[in-house]
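Student: Give me the fold of what follows.
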Amino acid sequence: MHRYPPGVLTRKIALLASIGVVAVAAVVAVALSRHGAPETAPPRPAAASAAPTGTAPISAVDWKSATVQFPASVNGGYCVQGSMTFRDGVASTDANTVRLLIEQPPVYGDLTGDGKPEAVLFAACTGSEGTSHPDLLIVSQAPDGALRQIDFVDPNAGLLEALSGARVTSVTIASGTLVVVVGGTPPPSATTTYQWNGSALRQTRRTREGIAARPLPVGPDVLVAGCPHGGIVRPVGPPSFTTADRKLSGISWGAMWRPRMALFHFRTEMQLAASDERVWKVLVDPTSWPDWWRWLRRVTVIAPGRADVLGAAYHFEFRTALPYTLTFDSETVRIAPPSLLESRATGELAGTGLWEVAERDGVTMVRYTWIVATTRWWMNLLAPVARPAFSWNHGVLMRDFAAGLARHLGVRLVSVEHRTVKPGSPGFGQLPGQS
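Tutor: Numbers count the residues shown, from 1 in each chain. Okay, the predicted model is just below:
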């Protein structure tokens, strides 16, 4: 029998054991890549502490008369500094004047990762050298309601001459990333992304495009410069790239293959043998929905909003009839009890939802319009071939919503009809009443 020198056998056994551990780890990794990791609830930032009584959420701030602190230490200082109180959207020092472009509604979303939304405001600064192109002011709200500028972004900084001075076409906030599109007339246009690094927003990518993209509805993450709420914008995902684009933008090859966001437009109409007051009471309280809607796993209150629920924000966690889950946040942005409620969604779905309620002869008709873009890369990649499956999935969920709502109210579901509005058809990407 062969004898190994002292210590050699021990080292061989240790080597074989190490190889075995690596092999097992590789098998586990392959299995997880094929079948997915065990499903767990997505991590959420720590819940924001409740604002003191009488303090409105940042989405309810009247910016025309707001008081905002402009620290000199933020990004070298903005054109005004110190505590500034706006009057009709204008605040001035001896040297400079800042004007909030109120006609362009603010965009709200969590940029710093603390679970609370920031406000992105359009503003223009006038000084001795004239008026600047619009900047984007980033404002946060302290627990006591105080407003503080935490950064500002010049969307035109560093752009080529063809785009210098071009107006901002859209602003979005998705998964903590600020996305700004500056469009030339005619194209090209530029898409720039910014992320919070713990103390300021830093540019993470810039791409250029020269191809017009299809419309995307205004939602929580989308804003059209110069258009009223409900306008049409272009998606911010990069479409196609040329060699010159890659040299100018400095993007990675991986970014070149990122699919553009897919837009969906759904409409569900249901009739229930109940009063509009009873139906409305349930619709404005989504925290009760998981009790009777089997697809909704959990609803978490982000912000309670006002007494009429304007500004109320929630985090939704869904399972679906297909093998995937969805999570997104929703904030109430328009309300007219008991007939209309509009919300804006951010997260894995970004867009607008509109509830319309009307009662006639003891029967209440509820129409829900849901216009959203998918932000998950794999859904956008599969959208050209999987659109019918995604539409079918939404239909299953909404028909179950109607049936569950009727059971919850203890009334008869008179009818339910679900429709998918196809891209290119009349009214696609538009809420009822828009043209």
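Student: When you work out contacts or count neighbours from here on, use the C-alpha atoms and nothing else.
Tutor: Fine.
Student: list the buried ones in the longest helix seen in the chain?
Tutor: Scanning the chain for the longest helix, with DSSP state H as the assignment, gives helix 377-409. Within helix 377-409, the residues that count as buried by 16 or more other C-alpha atoms under 10 Å are 377, 379-381, 383, 387, 390-392, 394-395, 397-406.
Student: give me the low-pLDDT residue ranges for the stretch 51-200 of the chain?
Tutor: For the stretch 51-200 of the chain, the stretches flagged by pLDDT under 70 are 51-54, 75-77, 102-103, 128-134, 156-166, 183-189.
Student: can you pull out the strands in it?
Tutor: With DSSP state E, counting those that start in this stretch as the criterion, the stretch 51-200 of the chain has strands at 67-70, 82-85, 90-92, 97-100, 107-109, 118-127, 130-131, 135-141, 147-153, 168-174, 177-183, 189-196.
Student: Just confirm residue 272 contacts residue 409, I think it does.
Tutor: No: in this structure, residue 272 is not within contact of residue 409 by C-alpha atoms under 8 Å, at 9.3 Å.
Student: Going along the chain, name the helices of this protein.
Tutor: Using DSSP H, the helices of the chain run over 8-35, 243-249, 253-256, 276-283, 377-409.
Student: averaging pLDDT over each of these, which comes out lowest?
Tutor: Sorting the helices of the chain by mean pLDDT places helix 243-249 lowest, at a mean of 33.
Student: end to end, how far does stretch 331-347 reach?
Tutor: Stretch 331-347 has an end-to-end distance of 12 Å (criterion: C-alpha to C-alpha, to the nearest Å).
Student: Can you list the buried residues in it?
Tutor: Neighbour-count burial for stretch 331-347 flags 331-333, 335, 338, 340-347 (criterion: 16+ other C-alpha under 10 Å).
Student: and those, which two are the farthest apart?
Tutor: The two members of the buried residues of stretch 331-347 with the most space between them (C-alpha to C-alpha) are 338 and 347, at 27.6 Å.
Student: which residues sit in contact with residue 329?
Tutor: 313, 314, 315, 316, 345, 346, 347 (C-alpha atoms under 8 Å, 6 or more residues apart in numbering).
Student: give me the number of residues near the second one?
Tutor: When you say that, I think you mean residue 314. Using other C-alpha atoms under 10 Å, residue 314 has 20 neighbouring residues.
Student: Contact partners for it?
Tutor: 299, 300, 301, 302, 303, 329, 330, 331.
Student: per-residue pLDDT, the residue nearest to the first one when sequence neighbours are not counted?
Tutor: Excluding its sequence neighbours, the residue lying closest to residue 299 (C-alpha to C-alpha, 6 or more residues apart in numbering) is residue 316, at 4.9 Å. Each residue has a pLDDT score; the one for residue 316 is 95.
Student: shouldn't residue 316 be in contact with residue 327?
Tutor: Yes: assessed by C-alpha under 8 Å, residue 316 is found in contact with residue 327 at 5.5 Å.
Student: Spit out the residues that contact those two alike.
Tutor: Here residue 316 and residue 327 have no joint contacts, going by C-alpha under 8 Å, 6+ apart.
Student: thinking again about what came up before, of all the strands of the stretch 51-200 of the chain, which lies closest to residue 417?
Tutor: Closest approach to residue 417 among those (C-alpha to C-alpha): strand 168-174, 31.2 Å.
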